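In: 3D, please:
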Amino acid sequence: MPRIYRIVISQIMLISGVFILLACGQMTPASPIETQRSTTQPTKGNTNQMTPSLPTTADAGLQNLIDKAIVDLASRLSIPAAGIQLLEATSVVWPDGSLGCPGEGMEYAQVLTPGYLIRLQSGDQIFEYHASRGTTVIFCENPSPPVSGTPVDT
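Out: Residues are numbered from 1 along each chain as shown. A predicted model of the protein is given here:
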């Protein structure tokens, strides 16, 4: 059997396995990774001071996506990245290849797409980024929700 056929067959088997796991509900939902980055100075007598923390359960790939989102938002707002707080980085499944951020007049692969919902805050505003499990991070002005029943809803 030619090598290209073996590669195509193995990719089809891998994708089929993901769909079977999703359909059977065997994928364990990842819990939201929440962290607060505090920029306030300690005040005398304040025992509830929030200390900076990083998501400890985030893998390097997710942390890279979070960092990309923070850099992008800092650039959009023309502020230092330290002025942005990570509210949430949650594992989700997007309904198609648009990652829940469809562009007007664009067509996307109609396939369930695993990824992440990343929510950032600057001041009193919350910003939403959608990401793939690879390297793609998209700022969403008009976000669509992930597939119902994915970890974000459970």
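In: Can you give the domain ranges for the chain?
Out: Under automatic domain parsing, the residue ranges defining each domain of the chain are 1-29, 31-39+56-153.
In: Compare those and say which comes out lowest on pLDDT.
Out: Of all the domains of the chain, the segment with the smallest mean pLDDT is domain 1-29, scoring a mean of 51.
In: Tell me where this structure has helices.
Out: Using DSSP state H, the helices of the chain run over 3-24, 60-77.
In: list the buried ones in the shortest one?
Out: Judged by neighbour count (16 or more other CB atoms under 10 Å), helix 60-77 contains these buried residues: Leu62, Leu65, Ile66, Lys68, Ala69, Ile70, Asp72, Leu73, Ala74. In this view, the C-beta of every residue, glycine as well, is placed from N, C-alpha and C.
In: any idea how far the first one is from Leu120?
Out: Looking back up the chat, that one is Leu62. As for Leu62, its distance to Leu120 is 14 Å (criterion: CB to CB, to the nearest Å).
In: Kindly report the same for the fifth one.
Out: Taking CB to CB as the measure, Ala69 and Leu120 are separated by 6 Å.
In: Overlap of the contact sets of the two?
Out: For the pair Ala69 and Leu120, residues contacting each of them under the criterion CB atoms under 8 Å, 6 or more residues apart in numbering are Tyr129.
In: before we move on, the earlier item: now, among the buried residues of helix 60-77, which is nearest to Asp124?
Out: Of all the buried residues of helix 60-77, Leu73 has the smallest distance to Asp124: 14.5 Å, by CB to CB.
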